[in-house]
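Q: give me a model of this one.
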Amino acid sequence: MPDREQATPANRGRTRDPSIDARVLKAAARHLAAYGYEAMSVAAVAEEAGTTRQALYRRWPGKAELSAAALAAFADQATEAEGADPFADLVAELADFQRGVSRPGRLSLVGTMLQDRVEAEVRARYQAEVVAPRRRRLRLIFERAQRLGLIDADADLDVAITMSTGSWYARALAGSRPPRNWPLRTAALVWRAVGGSPPSPIRT
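A: Numbering: from 1, shown residues only. Predicted coordinates:
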């Protein structure tokens, strides 16, 4: 039987068990991805984490705060690339994106965040913790390519950034499998669109 933190006078001053936090956040992230924000049950999350609703509410006042914390805890933590080859950095960034979005429940979570019923705080946390860092890294790659004269100085980077990851979601909505070498092929297409010349040959 998992340990359960109870709200009793005997243990009220006891130091909180950090493993409970980790278990709750992991369970909350899974429930968000599997069921969506509206259907996610705090009681079910607590049960899966092996704790109580009371212990959970002592850490997060409500479902919105719990969901936001779970999104932040499991956001991708890729570092900003600063290699000698911006095109290679773009391929690596898209490969990292593919790995992340292919994990169980990730696409479902994206769909959840698009629903109007999701609280603004949860959506804003998702955008800040998951979407914005990826877009910032992509922009830095393209801006470095501009400084090096590898792509057009007036290239529309906002559209290029969206094209870089947007094709994956379009493929998912169409119900098609990812093409072989998706990161390399997508990077090559976007690179040409902003005036660059990707290394040849691009193997498919």
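Q: lowest-pLDDT helix or strand in the chain?
A: Least confident element among the helices and strands of the chain, by mean pLDDT, DSSP states H and E: helix 106-113 (a mean of 74).
Q: and the next helix or strand after it, how far from the chain's centre?
A: Under the assignment DSSP states H and E, the closest C-terminal helix or strand after helix 106-113 is helix 120-126. Centroid separation between helix 120-126 and its chain, computed with CA atoms, centre = their mean, to the nearest Å, is 13 Å.
Q: same question for stretch 137-152.
A: With CA atoms, centre = their mean, you get 23 Å for stretch 137-152.
Q: touching the least confident helix or strand of the chain from outside, list them.
A: 29, 32-34, 36-37, 71, 100-101, 118, 122-123, 126-127, 169, 172 (CB atoms under 8 Å, 6 or more residues apart in numbering). C-beta: built from backbone N, CA, C; applies to glycine.
Q: closest to residue 65 among the residues you listed?
A: For these, the closest approach to residue 65 (CB to CB) belongs to residue 122, at 8.9 Å.
Q: next up, phi/psi of the residue nearest to residue 194 when sequence neighbours are not counted, please.
A: Excluding its sequence neighbours, the residue lying closest to residue 194 (CB to CB, 6 or more residues apart in numbering) is residue 155, at 3.7 Å. Here is the backbone geometry of residue 155 (degrees, to the nearest 10): phi -60, psi 140.
Q: so who does residue 155 touch?
A: 142, 146, 194-195.
Q: show me the shaky parts of this protein.
A: Within the chain, the stretches with pLDDT under 70 are 1-17, 75-82, 201-204.
Q: how about the helices of it, start to end?
A: Assigned by DSSP state H, the chain shows helices spanning 18-35, 42-49, 53-59, 63-73, 86-101, 106-113, 120-126, 132-147, 157-174, 182-193.
Q: buried set for the third one?
A: Of the residues in helix 53-59, those buried under the neighbour-count criterion (16 or more other CB atoms under 10 Å) are 55-57, 59.
Q: picking that back up, where's the least confident helix or strand of the chain relative to the chain centroid, distance-wise?
A: 9 Å.
Q: buried stuff in it?
A: Applying 16+ other CB under 10 Å to helix 106-113 flags 106-107, 109-110, 112-113 as buried.
Q: centre-most residue in this structure?
A: residue 130 (4.0 Å; CA atoms, centre = their mean).
Q: so that residue sits against residue 71, correct?
A: Yes - between residue 130 and residue 71 there is a contact under CB atoms under 8 Å: 6.6 Å.
Q: returning to that earlier point: what subset of the contacts of helix 106-113 is buried?
A: Using 16+ other CB under 10 Å, the buried ones in these are 29, 32-33, 36-37, 71, 101, 118, 122-123, 126.
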